[in-house]
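Trainee: dropping the sequence and predicted coords here.
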Amino acid sequence: MKIKIAIVGVGNCASSFLQGLEYYKHVDETSSPVPGLMHNNFGGYLIRDIEVVAAFDVNGDKIGKDISEAIWTPPTNSRKFADVPYKGVAVNAGFLGDGIAPHMQDYFPLQEAPERIAEVLKSSGAEMLVSFLPVGSQKATHFYAQACLDAGIAFINGIPEFVASDPEWAEKFRQAGIPCAGDDIQSQVGATILHRALVGLVRERGQVIENSYQLDIGGNMDFDNLTDRRRLASKKISKTDPVIFEAGTKDVRVVPADYISFLADNKIAYINIKGRQFGDFPFEIELKMSVEDSPNNAGVMVDAVRAMKLSLDRKLSGYQEWSAYFFKHPLRLLPLGEARRAVEDFIVGR
């Protein structure tokens, strides 16, 4: 059975996601452990069961193109790892709102048609909408969340604008009998989850953390977007809260430091942890990591989509507790190990 999804934001993350659907389409339950997948089979669903049936963007150069072509249209700069054949799914004009930072609005022609979005969602047969909107798109995120309520479909929020983790929005979805998940996708092995794991390990081993910081740099449109510091507020909360949760101190700082265009979709993170160990001696951990940002995102979203399909199959509504493993800013944070166990229990129906 196909999992029919719509996506909003046909940029780097959507490109890696679509490529991943092709790259892993031959993986089945009995395949050997596959690099990049946390679950070959997720509750009976394989990667090849996911089908994109609708897409939205406000970049006029992408609108009207088949999604297989639109994912390569500038300013998208994610790396290619799979061919994506013609899908017969044209990109629709979406809702602009605050989705594009002011300094980026002359990068490409803008086009929107917000009045048609709920209608397109209904007619496409989509069961859920996945948001790959730019950071700082609060109005746009709320618009699409409401469009899901109007269309009667589930919502997966992959960005740090709060819907699933907002009790009021979560209650709206519960009352409508529709599930929602989020917020802000937590990459497979990204800077935030690595930072969380490190500070958790330090505390588990009996040491005390005094302070910690994380600096992120990159060259994709998300980092360009964040050079408008007004769009940073929710991102800093979403990336800092889970580290504070594990670290046991509020002296934690996580900052998207700068946009460096020639890095393209490569993200570099610097993590520093200082504390006290046995004998009250000081210690310091200094770490650098370098990853391709968008595939790191897509590797989690393919599981979140399949988890949402299980939620729909089971007629669940409102905030979905499995969000705590897949997203940085869930409604209720859980320790990583506990969040992972919750996902495995959910898969088997416990």
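Mentor: That came through, no problem.

Trainee: tell me the domain boundaries of this structure?
Mentor: Taking automatic domain parsing as the reference, the chain has its domains at 3-186+295-347, 191-292.

Trainee: for Phe281, what are phi and psi?
Mentor: phi -80, psi 150 (degrees, to the nearest 10).

Trainee: same question, the one 3 residues further on
Mentor: With angles defined as degrees, to the nearest 10, Glu284 sits at phi -140, psi 130.

Trainee: repeat for Pro256
Mentor: The phi/psi pair for Pro256 (degrees, to the nearest 10) reads phi -70, psi 110.

Trainee: can you check the one 10 residues further on too?
Mentor: Reported as degrees, to the nearest 10, the phi and psi values for Asn266 are phi -80, psi 130.

Trainee: go ahead and confirm it touches Gly218.
Mentor: Yes: counting by Cβ atoms under 8 Å, a contact exists between Asn266 and Gly218, whose distance comes to 6.6 Å. For glycine as for every other residue, the C-beta is placed from the backbone atoms N, C-alpha and C.

Trainee: have a look at the two and say which one is more surrounded.
Mentor: Gly218 (25 against 17; other Cβ atoms under 10 Å).

Trainee: now do the contacts for that one.
Mentor: 256, 259-260, 263, 265-268, 293 (Cβ atoms under 8 Å, 6 or more residues apart in numbering).

Trainee: not counting residues beside it along the chain, what's closest to it?
Mentor: Lys267 (4.1 Å; Cβ to Cβ, 6 or more residues apart in numbering).

Trainee: before we move on, what SS does that neighbour have?
Mentor: When the structure is split into helix, strand and coil by DSSP: H, G, I helix; E, B strand; the rest coil, Lys267 lands in strand.

Trainee: that one pairs with what?
Mentor: When bridges are called by DSSP bridges, Lys267 pairs up with Gly218, Val291.

Trainee: residue contacts, it?
Mentor: Contacts for Lys267 were tallied using Cβ under 8 Å, 6+ apart; they are 190-191, 216-218, 220, 223, 290-293, 296.

Trainee: just those now: which is nearest Ala70?
Mentor: Taking Cβ to Cβ as the measure, Ala70 sits nearest to Asn220 out of the contacts of Lys267, at 16.3 Å.

Trainee: ok, that closest one - contacts?
Mentor: With contacts defined as Cβ under 8 Å, 6+ apart, Asn220 is in contact with 12, 77-78, 264-265, 267, 293-294.

Trainee: list the residues that contact Gln277.
Mentor: 207, 283.

Trainee: next one, pLDDT for the most far-flung residue of the chain relative to its centre please.
Mentor: Summary for the chain: using Cα atoms, centre = their mean, the residue whose C-alpha lies farthest from the chain's mean C-alpha position is Gly279, with a distance of 41.7 Å. Predicted confidence (pLDDT) for Gly279: 97.

Trainee: now swap in the one 5 residues further on and tell me
Mentor: As predicted, Glu284 sits at a pLDDT of 98.

Trainee: any idea how far it lies from Ala269?
Mentor: Taking Cβ to Cβ, to the nearest Å as the measure, Glu284 and Ala269 are separated by 17 Å.

Trainee: which one of the domains of the chain is the most hemmed in?
Mentor: Between the domains of the chain, domain 3-186+295-347 has the highest mean count of neighbours, a mean of 20, where neighbours are mean count of other Cβ atoms under 10 Å.

Trainee: give me the mean pLDDT for it.
Mentor: If you average the pLDDT values across domain 3-186+295-347, you get 96.

Trainee: off-centre distance for it?
Mentor: 7 Å (Cα atoms, centre = their mean, to the nearest Å).

Trainee: and it, how far apart are its ends?
Mentor: Using Cα to Cα, to the nearest Å, the end-to-end distance of domain 3-186+295-347 comes out at 16 Å.

Trainee: can you map out the helices along this protein?
Mentor: Counting by DSSP state H, the chain has these helices, from start to end: 12-23, 67-70, 117-124, 138-151, 167-176, 191-204, 221-225, 233-247, 293-313, 323-326, 336-347.

Trainee: so for Met38, which of the ones you listed sits nearest?
Mentor: Shortest distance between Met38 and these, using Cβ to Cβ, is found for helix 293-313: 5.6 Å.

Trainee: quick revisit: residues that sit against both of Asn266 and Gly218, list them.
Mentor: Contacts common to Asn266 and Gly218, judged by Cβ under 8 Å, 6+ apart, are Asp293.

Trainee: distance of Ile193 relative to Thr73?
Mentor: In terms of Cβ to Cβ, Ile193 sits 30 Å off from Thr73.

Trainee: oh sorry, the question was meant for Ile153
Mentor: When Ile153 is compared with Thr73 (using Cβ to Cβ), they lie 26 Å apart.

Trainee: Val208 now?
Mentor: Separation of Val208 from Thr73 (Cβ to Cβ): 50 Å.

Trainee: one more: Ala191?
Mentor: Between Ala191 and Thr73 the distance is 28 Å, computed by Cβ to Cβ.

Trainee: Lys80 now?
Mentor: 13 Å.

Trainee: next one: Ala101
Mentor: In this structure, Ala101 and Thr73 are separated by 19 Å, where distance is defined by Cβ to Cβ.
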